[in-house]
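S.K.: Any chance you can model this:
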Amino acid sequence: MHIKQIIIQGFRSYKDRTVIEPLDKRHNVFVGRNGSGKSNFFSAIQFVISDEYAHLKLDHRRSLLHQSSEPILQAFVEIIFDNSDSWVPIEYNEIRLRRAIGIKKDHYYLNGKTVLRSEVLNLLESAGLSSSNTYYIVKQGTINQLATAQDSYRLKVLQEVAGTKVFDERKNESSSIIRENALKLQKIDEYFNTLEERLQTLKDEMEELTKYQNFDKTRRALEFVLHEIQYNENKAKLTELETKILDASNQQEKLASDLQIAHDTIKALFKKSKNTKKDLALLEEEKTILDHNNDDLIKRKFQLELTIKDLIERNTFNQSTEDELERLDQTIKEKETELEKVKPQYDNIKRQEEQYTRELTLKEHRRNELYTKLGRCNMFNTKEERNEWINNELQSLNQQLKEKERCHDKLYADSKKDQEKIVALTKKIDSHSKESEKFKKNIAQCYERVIELQKKRDQNQYNRNKLWTKENELEQKISSLKYDMLKIDQKLRAVTGKQIQNGCDSVRKVLDSFKSRGGDEAKIAEQYYGTIIDNLTYRDDTSLAVDVTAGSRLFNHIVENENIATAILKEMNKQKLPGEINFMPLNRMDVPTVKYPREKTAVPMVSKLTYDSKYDKAMQFIFGRTLICANMDVASRLSRSSGLDCITLEGDKFSSKGVMSGGYFNPSKSRLHTFKTHTELTKQLKQYEQELLSLNKELDQIGTVINDTVSDMQKNETDKCKLKGSYDKINAELRLYREKLSNIERFRESNEQALNQCKISVEALRRTKESLESELDQELLSQLPVRDREEIKALDDDVQKLKKDNSEVVNIRVKLETLKDQLENLLTNNLKRRREALLKTLDEISLQQRQIVNKNAELKEIDDKIKQNNKKIESFGNKIEEFVEKTALERKELEERTKKMNILQYKINEVTELLEKFAMRRYMLEQKISKTEKDIEQLGTLPRENLYSKYAQMPSKDLFLELKKTNKKLKEFSHVNKKANDHYLSELEIKKKLLCEKLDLVKSEEKLNELISVIDQNKTDAILFTFKQISKYFKVIFKQLVPTGRASIVMQVKNPAEDESDTSDDNFTGIGIKASFIDAEVETKDINKLSGGQKSLLALALIFAIHKCDPAPFYLFDEIDQTLDSSYRRAVANMIHELSNQAQFITTTFSPEFLEHANKFYGVMTRDKVSYIGCVTKEAALNFIEGSPEGQD
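M.R.: Next comes the predicted model:
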């Protein structure tokens, strides 16, 4: 990060907008004559980033503005930082920081946005421009100040760099808290003394209060007895009156109950009679439908009986076929069992014959070879002649052997092919058998499917008939309900007012119109919440009280705000709709909070209602100031004491203004009851209409199912025909494959015999070959060896025995083979073929039997339905007769009940008038009792029992005299502190709290002292660490500046014996500097003993060391080479050149050495007291320096 560009306007000598060319990120040198504005340029940078200009007063701000004939009212300095290396952790590659001031303003701007100074400080801190280390800006005089400063000053500089300010601030905060705690402890101790005195005074006042309280108890006891006498007298009168009222009320309630029962009974009878007529009509209609269904079922039954008879006649020979098949199966089973027994015997004897034949052939062959060998003994004279003959014989044998092997391979291949054919045919037979069974099963499933589909069709048709009946019933019910709805709607208009109901209807039409249009008008409809009665629910026992309280206000309309109400009214007027409407805009309703009395016998009416909290204001407005009371006494009393309206569950209302209303209330005129009935009928009508709609959908679905079922039946019949054709085809193929398999197995035996004979021949030839080959190596003898002769003899015996055994085996094999062939031929060509023909016949018979079974099942089902219908028809006939009689009886009972109800109504009117008179008398007595109760309540807690019993039996006259004396005594205690007990307890509580607070303060002081010790140690560690770092860099930098010299900084500490109480960081007294400029081996001198130039160089070395310890992104040096000689200036210039690789340097100078390695040059000029800055060449900069005497601005 480095300063990229600086813009100045109106600041000190920079009147006009001065935009300095982009600076180099390394070393930039500013040159100019004295008074040209170099220092003002440095001040402009400090003005933005330094704490020196942090808090400007009015005079100071005015002094920073350019002074000229034309007043400058505002100025700003803007520094543009290059942040492409992300030195500052923000997202911008370029940071523009501006500070603007005026006479009355001082603002910071970051990238064009106004920011607080604290945000700017945080930004600078994150960039490494620490407020604790200000030596990244070195002004004129700073070097001299540091060079000539005392050691203690340099120690302060070190402490600033180490950041000990934070530790000092925390230590000061802790010390301040300790001092505050000490003051608090002192105040607590002082208050304790005052508190003890106050407690003693309160004890004395408590004794005097006890005397006063004794006399006051006597007074209250006397007043209580007097009030009780008066209360009892009035109460007795009221009780007597209540008895009369209760009797009259009971009579009225009984009469009202009887009237209500009579009314309900008449209503129920009327409804019952009406329902009876409806049921009668339904029964007659259902009976007619059942008659029609029965006729259809009887026709269907007749058709089924004819079909079944025809099927039975066609299947008379079924049993004989099954018997023949059973006998045939038994014969097949017996023959197969016999064949299974013969086959193993035949196979065993055949294997035995083959074994004997093989052994006989081989032994005869071997015997012949030995005889031939014996003949060769006489046939040849020499071994060579014999061997020649043997070789010729071997060639012939090899030729024969090849022929036999070829024959064997051919027979073996034929046998293998036959085996493969058998396997393939067996697989095909198995596959076709499975396919045949599968087709047979599928055909059976098709027949079963036909039955299922027929049942499904018939059941759905039956269900459809039932649904048609139900549809007819629902249509009649809907018609009846619409008639009831019309009547109840007329009644609702009568009890609420025609105009109010017209208004409700009009609002509904308007809302429907709004919803159909959509958009903003649909939103208006959403903000209409219905009437009061739509949005509340209540308990049945409170319905009368709620009805009387709200009256016609139950049909007030709740809306979100007055705009909704206006829109609805406007639309009503536009459509010319009639009706009376009272809107309740929720946003305009201000309902005060009501304080309800705490009574067990009374509850706020609003607490017994259930509604959405959204409508609380509307509900509170109508019901909030009404209490539901247990009886009229409570209602009368609370209406006077609470200022609220009170009502009983019977509807007797007591207004807070003194008006009472009540008496008998006709339930039939109840708005809530009528609206509830209207709502229930509406709900029921919607339910029936929904059921009818659902029923129609169900009928459509059943119709679709029936059509689909008929379609499935047709498809199933087509599938059955296809399956039957495939079944016949596959059975024909199966018979063909079985015949092929039988033929292959028949010829396979002869092939196997030939193969075995061929094997024996091959084996004999091989043995002959082996014998001849072995003879080639033997000598020619005149006769056979003894061993061969003995072998011939043994072979003769074996051959004779084998021929005999083989002859016997062949005879047995021939007999078994003949028997096997006979059985196989009988099974294959006779029995099994007959069985297949019988099974095919039975399959056809089975299908017809299934049809008979299905038709019988269908016939039984129809018989059951006919029986059920007959029973229903008979039941409906009986019920119709009963309903006719019932209708006549109900009409007669209705007339009698109506007469009784009129008599009851007359009696109720008489009792109501009497109750009104009683109510007025009771009201007067309640007023007197209420006043007495208030007087008793004002007495407070009752006195002790012994005081009450002392005065309870005294006459009223004596009680008044005793009360007069007691009041006189009480006047003597007029000065007593009546709250002495409370004050004493309060003071004790304060004392307890102060003790706790004192203990907390002591603990807090201990913890703060521990914290101060830790802070002091951390401060010392920070100072020592920073000192080591600066000391290290100071030596290295001085060595670079003065290669022949040596310098160091020294930490000066107190003598421990001087002040042992000092903390560790206070032991440091200063930072000393010692140096040698001549020779590194020469003893170093204190800085105060060196020349001015040497001191300045040491101060610069110290500043560079501080920079190394706490680096900044850029540095500002204002004529730091002023007091240096040329050699030191060059060394410092080289040092800046080296350091400019890591940071940016902006310097001013009057020396040419600084220009030698600088990267960019700027000239500062002034005209008419207005400064300007421009970029110049190195030569121009040298000309500036050579033409200007050294000095300050």
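S.K.: could you say what helices and strands the lengthiest helix in the chain packs with?
M.R.: Using DSSP state H to define each element, the chain has its longest helix at helix 164-313. Packing partners of helix 164-313 (3 or more CB pairs under 8 Å, 6 or more residues apart in numbering; DSSP states H and E): helix 383-496, helix 832-938, helix 945-952, helix 956-971, helix 980-1041. All C-beta atoms are positioned from the backbone trio N, CA, C, and that covers glycine.
S.K.: Now find how far off-centre it is within its chain.
M.R.: Computed by CA atoms, centre = their mean, to the nearest Å, the separation of helix 164-313 from the middle of its chain amounts to 37 Å.
S.K.: again with stretch 950-961
M.R.: 78 Å.
S.K.: measure that stretch end to end?
M.R.: 15 Å (CA to CA, to the nearest Å).
S.K.: list the buried ones in that stretch?
M.R.: Buried residues in stretch 950-961, defined by neighbour count with 16 or more other CB atoms under 10 Å: Lys950, Tyr951, Leu959.
S.K.: doesn't Leu222 make contact with the last one?
M.R.: What it means is Leu959. Yes. Here Leu959 reaches Leu222: they are 5.7 Å apart, a contact under CB atoms under 8 Å.
S.K.: Give the intersection of the neighbour lists for these two.
M.R.: Tyr951 (CB atoms under 8 Å, 6 or more residues apart in numbering).
S.K.: OK, contacts around Arg922?
M.R.: Arg922 is in contact with Leu238, Leu241, Glu242, Ile245, Met632, Asp633, Ser636, counting by CB under 8 Å, 6+ apart.
S.K.: can you list the residues you listed in a markdown table and add distance to Asp59 and pLDDT?
M.R.: Below are the contacts of Arg922 laid out as a markdown table (distance: CB to CB, whole Å; pLDDT from 0 to 100):
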| residue | distance to Asp59 | pLDDT |
| --- | --- | --- |
| Leu238 | 90 | 80 |
| Leu241 | 94 | 80 |
| Glu242 | 92 | 79 |
| Ile245 | 94 | 78 |
| Met632 | 86 | 84 |
| Asp633 | 85 | 83 |
| Ser636 | 82 | 86 |
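S.K.: out of the residues you listed, who's nearest Lys860?
M.R.: Met632 (74.8 Å; CB to CB).
S.K.: In space, what's closest to that closest one - neighbours in sequence excluded?
M.R.: Nearest residue to Met632 in three dimensions, chain neighbours excluded: Asp652, at 5.3 Å (CB to CB, 6 or more residues apart in numbering).
S.K.: Tell me what Phe1068 is bridged to.
M.R.: According to DSSP bridges, the residues that bridge with Phe1068 are Val1053.
S.K.: Quick check: it vs Ala1101, distance?
M.R.: Using CB to CB, to the nearest Å, Phe1068 is found at 21 Å from Ala1101.
S.K.: residues of stretch 180-200 that come out buried?
M.R.: For stretch 180-200, by 16+ other CB under 10 Å, it's Asn181, Leu195, Arg198.
S.K.: what residues are up against the closest residue to the first one other than its chain neighbours?
M.R.: To tie it back to what came earlier, the one meant is Asn181. Distance criterion CB to CB, 6+ apart; nearest residue to Asn181, sequence neighbours excluded, is Leu1001 at 4.7 Å. Each residue near Leu1001 by CB under 8 Å, 6+ apart is listed here: Asn181, Lys184, Leu185, Ile188.
S.K.: Pipe those residues into TSV and attach pLDDT per row.
M.R.: As requested, these are arranged in TSV below (pLDDT from 0 to 100):
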residue	pLDDT
Asn181	80
Lys184	79
Leu185	79
Ile188	77
